[in-house]
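*Asks:* Build me a model:
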Amino acid sequence: MTKSLNLVKFAKRYGEQDSIQFELGDILVAEFGEAPPPDTRDGTRNSLLAFSDDLAEEYDIHMEVGSLAALRVVATNFPTESRDSVCSWSIHRIAGKPEMLKMIKSKALKLEQRLTVALTGELRKVIEEELKGVTADKITEIIESLSFWLKNWERVKFKLGEVQRTSVNENLVVLQNDISEFFKKPGSNRSHLKAVEN
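*Replies:* Below you'll find the predicted structure:
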């Protein structure tokens, strides 16, 4: 049986310390390529099975294919530059992606909680629930509202300048009338204001 250089590397590093999961995952990525997206297959299951068998036969290291796959997935989802040295490999695994890990850490900081594996799982569920409300339509509506206000910013600044130069009450009435007139025009609606208010 021909030994893969990565099999030898993996076996040498295995068991040296508890927190080498990323390094082991990187070795698996080097051997088999990046892990595929969730719910897809890339045909490497049999190769991982053979790798697992070789580890057992050659080095008496017994790892399930699922464990090898998890190491590979986390190494793929968190390239070296996106790994957080403060967080354990398990926290990275539960977070799933760098963006989610950042949101989880931010939430834990606001709660003044130490980030643990259990808290990571809880906060991920909370964040996923919060993100369910953010639909493509809502994002589009917010972008359109921002575009509207950016296009009309010069007019708003001018009106605010007028308010500062003359009587506040008098100009507030004028500004209020201008806004009312704007929304009476065909094609204008209050969704711009609602999106900004939300």
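
*Asks:* gap between residue 110 and residue 103?
*Replies:* 11 Å (C-beta to C-beta, to the nearest Å). C-beta coordinates here come from the backbone N, C-alpha and C atoms, glycine included.

*Asks:* Mutual contacts of these two, please.
*Replies:* Common contacts of residue 110 and residue 103 (C-beta atoms under 8 Å, 6 or more residues apart in numbering): none found.

*Asks:* can I see the domain layout of the chain?
*Replies:* For the chain, automatic domain parsing gives the domain ranges 1-77, 136-197.

*Asks:* Worst mean pLDDT among these?
*Replies:* Ranked by mean pLDDT, those end with domain 136-197 at the bottom, a mean of 62.

*Asks:* quick one: which helix or strand includes residue 55?
*Replies:* helix 45-59 (DSSP states H and E).

*Asks:* tell me which residues in that helix are buried?
*Replies:* By neighbour count on 16 or more other C-beta atoms under 10 Å, the buried set for helix 45-59 is 47, 48, 51, 52, 54, 55, 59.

*Asks:* got it, and stretch 108-127?
*Replies:* 108, 115, 119, 120, 122, 123, 124, 127.

*Asks:* what ranges do the strands span in the protein?
*Replies:* With DSSP state E as the criterion, the chain has no strands.

*Asks:* mind listing the helices in it by residue range?
*Replies:* Here the chain has its helices, by DSSP state H, at 5-13, 21-32, 45-59, 65-77, 89-95, 98-110, 117-132, 136-151, 153-165, 168-184, 191-197.

*Asks:* Quick one, which of these gets closest to residue 38.
*Replies:* helix 65-77 (8.5 Å; C-beta to C-beta).

*Asks:* Now do the buried residues in the closest one.
*Replies:* Neighbour-count burial for helix 65-77 [16+ other C-beta under 10 Å]: 65, 68, 69, 70, 71, 72, 73, 74, 75, 76, 77.

*Asks:* between these, which is closest to residue 31?
*Replies:* Once C-beta to C-beta is applied, the member of the buried residues of helix 65-77 that ends up nearest residue 31 is residue 72, at 8.8 Å.

*Asks:* Identify the residue nearest that closest one in space, chain neighbours excluded?
*Replies:* residue 28 (4.2 Å; C-beta to C-beta, 6 or more residues apart in numbering).

*Asks:* show me what contacts residue 26?
*Replies:* Residue 26 neighbours (C-beta under 8 Å, 6+ apart): 75, 80.

*Asks:* what about it, distance to residue 80?
*Replies:* Using C-beta to C-beta, residue 26 is found at 8 Å from residue 80.

*Asks:* and what of residue 131?
*Replies:* Distance from residue 131 to residue 80, by C-beta to C-beta: 27 Å.

*Asks:* for residue 144, same thing?
*Replies:* Relative to residue 80, and taking C-beta to C-beta, residue 144 is found at 39 Å.

*Asks:* Those two - which one has more neighbours?
*Replies:* It is residue 144, of residue 144 and residue 80, that has more neighbours when counted by other C-beta atoms under 10 Å, with 13 against 8.
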